[in-house]
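[1] I need the structure of the sequence given here:
(chains A and B)
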Amino acid sequence: MRKPVTIFIVSLLTVALCGCAPAAAEPPQKMVQLIMGPRSSEYSGDLYSGAVAAEQEYGLHMVTGVALYTDGKETQQDVLTSAVESGADAIILDPFAYSGFRMDIEPAMREGVDVIFLGHYQDVQPSRVVAVDEEQMVKQIAEEAVRQKGPEPHLFLLNCADTFDNTYQLRDTLRDGLASYGDIRVEVLDYSKNDPDKLRSSLNIFLEVKEENLILVALDEYSALHAVERVQQLPAEGRPGLFVFAPGSAMVEQLEKDTVTAIVRRNYYEQGYLAVQYAAQENGDEPGEDILVGTQIVNKENMYYPDKQKMLFPPPW
Amino acid sequence: MDGQKHAGWRGRLKRYANFKSLRFIIAISFILIMVAVYGVTYYALIGKFRDTTQRNMESVSMQVTDGLDRTVRSYIYNVMELSDSVSFQMFMHDETEKGPIGDMLKTLMTSREGIASIALFDPDGSLVAAAPDLPAKSGVDINAQRWFALASKNKSRVFFSEPHVQNLFYGSYPWVVTLSRNVSLYNQADGASSDRILMIDMDVASLYQKTSSFNSQNGYAYIMDQYGNLIVHPDMRLLNYGLAEENTEAALRAVEGNFLSGPEGKEVYTVVRTMPYTGWRIVYKNAAEDLMVPQQEMARFLLTTVIIGIGVIAVVSWMVSALVTRPVKKLEYAMSQVEKGNLDAVVDVRGDTDVERLSLAYNSMIARIKELMGAIVWEQEEKRKNEMRALQMQIQPHFLYNTLESIIWAAERGNNADAVKMTAALSRLFRISLNKGGDTIRVRDELEHVKSYLTIQEMRYKDKLSYEVCATADALNCLTVKLILQPVVENAIYHGLRESEEKGLISIFAWTDEDKLYLAVEDNGVGMDDETIERVFSDGFVSTKGSGIGMKNVNERIRLYYGEEYSLSVTSRKGEGTVVVLILPRIRENGAEE
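    Numbers count the residues shown, from 1 in each chain, chains lettered A, B, ... in the order given. Here you go, the predicted structure:
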């Protein structure tokens, strides 16, 4: 009789323990490492806010590592390696698009860590890419350019080389994307903050021609401020179009004053949010399709629409 | 091998899970009763706990909403009071004495929290004064703004706009709700009054700061206007980008009250209050799912307790039922042993329970049955012996009659030697027959006995009969039922040889194998056909010659004494002779040499 009774008691305790198990089986909090640039730029600020919102919603533990501009490549790699060693479940990386440096994410992938890139980076294939829908962005800019300056606009891209805004990739995307439209002419100016004369002289050269179909496209805040300053010096009539990739209220004021003719608003908040949301999920090993976020063009006509207002002036909490 | 294993565990399972056993019934009854009791208790407790949790949730939600209500109400009253103050000050204002209106507005604004800006406009929309002192944008059509138009048309009312970005001033784009009203500016000099439109921008960010303290892990509050436009929401940005959803419809319909909504397990407890003046709804939502976590933990604890409790009771009831049914099992086992024929199996009785008293009675009954069975066996044995003796007694008169007949015949013919020889043989024959009253004799003596008989018969039939005896040493020392060869030999003489015209020969053989003794009588007489052989062994056969009881008698005695597997066999061929083989067990006399 002893044996069956023992089996019975053991079974019973097992069942009882199973009853208790769900209480003890709370999944451990996931740790996510976010590697990004300084939050001083609006781009990074929005990205970070979105990431924090998702962190709170999904109950993650997010650690933010800031890669400094001066030695960004090494710092990003260092932070990534350190995150893997400290047991991160996912790493969200906003990779600097420097040429000649290839981020090594293999150790992290081998450890089963989800590596999520905010945008494409060279030919490195992470677990997932959360990026701006470049095709849609280019299309919208092209349409807005045609709407403002006729069927053959001439776009002059101003790219400050040493900002945190990671604009090299944006420059290439726009240059190649807009050029593919055929009737759109695209030119690029790369310059450094240390050489403002280059920007000034280049702008003067372009503006002196007084092309009716000219649109300056400032890819960063620094370029936008300089372009605004230069355009303001021109008479109201015959001003070039000015598209800015800078979402601040200063640019909204310039939009109201007709100095800026369009604000290109990429949704970095959503990008940060979706990246962390993806990190919170249980993901397979195979990389999936890119998670894309949209871009909106705000112009004088639509800037007071509620959806544009909400986007231009997000609540401060 | 597998089959044996299965048989093993099946057997054990069957033994322990015999659903008809008393023990199982007692145990399962116990368990079922306790499961029922525990089940009822469990559901009663869970229900009670759920009710309590729900009441607590309602209570907490109401308390939070009360606090929220007071905060927002206070804020609205404060703004209303501010607008009244401005209105009053405007009426009493004397610019020459008290300075510009703008200073007055700044003073009033700094004395209040949560105000983004205050401004006075002429009815045509031109700015009269504003605080803080920000540059007004040119080209903004104030008249097109709804709040301005409403206040212009309705002089006695206060209006609250939908939430919007205030874009009247450079360098500032706050989200605000604008209070607008018509105020009168009294001119002290001429006593005339003129209309102005007062605008007070209620800072949404500030309002959020005031209400955010009511948000917690379980619940959150939001404010919307009477049209469902969200003014303050903790996830405002997510909602703006479509990354989250808020169903404002139910709260908009509710006006005032509280309700539970959502699917089971994900219920949300919602409290709605409507604010004065503004028509704003403050909504507090408490995720029942979160509040139910303690209930789920409690349920899990209770469930665990119940399972363990049922388990303990199951074990105890199993043991108790074992205790109760043990005497019954003992009795059952003893009965099964008796059923198998073991009358020595008695129940070991150690107590004085009902079942144990029954066991005692059973023991007595078995003892009595055993006694009776013994008597029956003894009686049967005696009966068998009596039958044996009766059969032997059937033979003895026959011998005596024949022998005496022969002696008489020899004496009449004056053949004294033969008479003496026959008388001696007869004497030897009887001596062996008597055998001190025993049923069995050695084969050696049996052969001696049959030789005495043949001696007598040989003398009777002279040249017509001869015999030979051949036996192994082992066979000679075996035991046999006495007087079984003589009837067979007699049968051979009367049915085989006497009818034959040739000189008859009777050969007697005795031998053994491992466990049997064989005695054979062979003659070269006329033989028998199958029909005669069958008739000789039939129950009704009575020989008109010889003793008339020969073969059948022998066969019955063998079977009676040794059992059914031992018997007599006859092989005969018409005209050639007969062989009769007696098959007996090989039983050696005690002390006999090999």
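[2] Please count neighbours and contacts with C-alpha atoms only from this point.
    OK.
[3] Now the phi/psi pair for B:Asp133, please.
    Note on B:Asp133: backbone dihedrals following degrees, to the nearest 10 are phi -80, psi 80.
[4] oh, I was asking about B:Gly577
    Note on B:Gly577: its backbone torsions stand at phi 130, psi -180 [degrees, to the nearest 10].
[5] Contacts only, for it.
    Counting by Cα atoms under 8 Å, 6 or more residues apart in numbering or on different chains, B:Gly577 makes contact with B:Gly496, B:Glu522, B:Asp523, B:Asn524, B:Gly525, B:Val526, B:Gly527, B:Met528.
[6] could you redo the last one with a cut-off of 6 Å?
    Taking Cα atoms under 6 Å, 6 or more residues apart in numbering or on different chains, we find B:Gly577 in contact with B:Asp523, B:Asn524, B:Gly525, B:Val526, B:Gly527.
[7] can you confirm the third one is in a strand?
    In this case it means B:Gly525. No: judged by DSSP: H, G, I helix; E, B strand; the rest coil, B:Gly525 forms no part of a strand; its state is coil.
[8] Which pLDDT value goes with it?
    Predicted confidence (pLDDT) at B:Gly525: the value is 88.
[9] That one reaches B:Leu497, doesn't it?
    Yes: counting by Cα atoms under 6 Å, B:Gly525 does reach B:Leu497; the two are 4.4 Å apart.
[10] which of those two has more neighbours?
    For B:Gly525 against B:Leu497, the residue with the higher neighbour count under other Cα atoms under 10 Å in any protein chain shown is B:Gly525, and the figures read 28 against 24.
[11] and the stretch 201-350 of chain B, which of its residues are near chain A?
    Taking Cα under 6 Å from any Cα of the partner chain, the part of the stretch 201-350 of chain B that reaches chain A is made up of B:Thr304.
[12] Go again with 8 Å.
    Taking Cα under 8 Å from any Cα of the partner chain as the test, the list of the stretch 201-350 of chain B residues beside chain A reads B:205, B:234, B:236-237, B:240-241, B:243, B:297, B:300-301, B:303-305, B:307-308, B:311, B:315.
[13] Filter the residues you listed down to the buried ones.
    B:205, B:234, B:236-237, B:240-241, B:300-301, B:303-305, B:307-308, B:311, B:315 (16 or more other Cα atoms under 10 Å in any protein chain shown).
[14] So which of the residues you listed is the closest to chain A?
    B:Thr304 (5.2 Å; Cα to the nearest Cα).
[15] For the closest one, pull up the helix or strand it's in.
    B:Thr304 is part of helix B:288-339, with elements assigned from DSSP states H and E.
[16] A:Lys300 touches A:Leu255, doesn't it?
    Yes: using Cα atoms under 8 Å as the test, A:Lys300 is close enough to A:Leu255 to be in contact (6.3 Å).
[17] what residues are shared contacts of those two?
    Counting by Cα under 8 Å, 6+ apart, the contacts common to A:Lys300 and A:Leu255 are A:Thr261, A:Ala262.
[18] Could you check which of these two is surrounded by more residues?
    Here A:Lys300 and A:Leu255 are set side by side on neighbour count (other Cα under 10 Å), and the busier one is A:Leu255, at 22 against 16.
[19] What sits closest to the more buried one if chain neighbours are left out?
    Nearest residue to A:Leu255 in three dimensions, chain neighbours excluded: A:Thr261, at 5.8 Å (Cα to Cα, 6 or more residues apart in numbering or on different chains).
[20] Need the phi and psi values for that neighbour.
    phi -110, psi -10.
[21] Return the per-residue confidence for it.
    Value listed for A:Thr261 in the pLDDT field: 97.
[22] Wait, it touches A:Glu301, no?
    No: applying Cα under 8 Å as the test, A:Thr261 and A:Glu301 come out as separate, 9.8 Å apart.
[23] out of the two, which sits in the more crowded spot?
    A:Thr261 (27 against 11).
[24] Walk me through which strands the helix or strand containing B:Thr270 pairs with, and which way each runs.
    Using DSSP H and E, B:Thr270 sits in strand B:268-274. Sheet partners assigned to strand B:268-274 using DSSP bridges are listed as strand B:257-261 (antiparallel), strand B:281-287 (antiparallel).
[25] what's the most buried one of those strands?
    strand B:281-287 (a mean of 26; mean count of other Cα atoms under 10 Å in any protein chain shown).
[26] can you give me how far that strand is from the chain middle?
    If you compare the mean C-alpha spot of strand B:281-287 with that of the full chain, they lie 51 Å apart, counting by Cα atoms, centre = their mean, to the nearest Å.
[27] Any buried residues in stretch A:234-249, and which?
    Buried residues in stretch A:234-249, defined by neighbour count with 16+ other Cα under 10 Å: A:Arg239, A:Pro240, A:Gly241, A:Leu242, A:Phe243, A:Val244, A:Phe245, A:Ala246, A:Pro247.
[28] should've said stretch A:130-137
    For stretch A:130-137, the buried set under the neighbour-count rule, 16+ other Cα under 10 Å, comprises A:Val130, A:Ala131, A:Val132, A:Asp133, A:Glu134, A:Met137.
[29] ditto for stretch B:113-131
    B:114-123, B:125, B:129-131.
[30] what mean pLDDT does it have?
    Predicted confidence along stretch B:113-131 averages 90 (mean pLDDT).
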